[in-house]
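Trainee: Here is my input, please return the structure:
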Amino acid sequence: MSNTDYKTTIDFDLDSKLHPYLQAMISNLPNASKLIMQTLSQKDYNKEDLSLNARVRRGELNFALIWLESLGLVVYNTSGRQKLYSLTPLGKKVFEEFNDVFYSLKEE
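Mentor: A predicted model of the protein is given here:
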């Protein structure tokens, strides 16, 4: 059962101590994770399309998704054999709040 099966509204107060923690954590994310967040902010994708649209190699995709899932920013739903990835309510709020941090990529 995924998080989207529950029809609850969650209000995240990002003005608390959570704000500096999330900002530091997001700024330390790998570029692939930031590119995935940018892409998922537009619409939901399966892995193949997410890899193509985010311009992230398939080998890096799983690693980048683990970071985002562990922070609770991304969730997937299964549809047959496919996984459809989307932003969680926290992921949407965090992307809106820290938009500039997600668009600042590190030199690699």
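Trainee: in the longest helix anywhere in the chain, what counts as buried?
Mentor: The helix of greatest length in the chain, counted in residues with DSSP state H as the criterion, is given as helix 58-70. Burial within helix 58-70, assessed by neighbour count using 16 or more other CB atoms under 10 Å, is assigned to 60-61, 64-65, 67-68. The C-beta positions use only the backbone N, C-alpha and C, and glycine is treated the same way.
Trainee: ok, residues contacting that helix?
Mentor: Defining contact as CB atoms under 8 Å, 6 or more residues apart in numbering, one finds that helix 58-70 is touched by 29-30, 32-33, 35-37, 47, 50-51, 54, 56, 74-76, 85, 91.
Trainee: give me every residue that touches K92.
Mentor: By CB under 8 Å, 6+ apart, the contact set of K92 is S41.
Trainee: re the thing from before, so which of the contacts of helix 58-70 are in helices?
Mentor: Taking DSSP H as the definition of helices, the contacts of helix 58-70 contribute 32-33, 35-37, 47, 50-51, 54, 91.
Trainee: Widest-spaced pair of those?
Mentor: When the ones in helices among the contacts of helix 58-70 are compared pair by pair using CB to CB, the two farthest from each other are S51 and G91, 18.4 Å apart.
Trainee: Give me the helix or strand of this protein that scores worst on average pLDDT.
Mentor: Least confident helix or strand of the chain, by mean pLDDT, DSSP states H and E, is helix 18-27 with a mean of 84.
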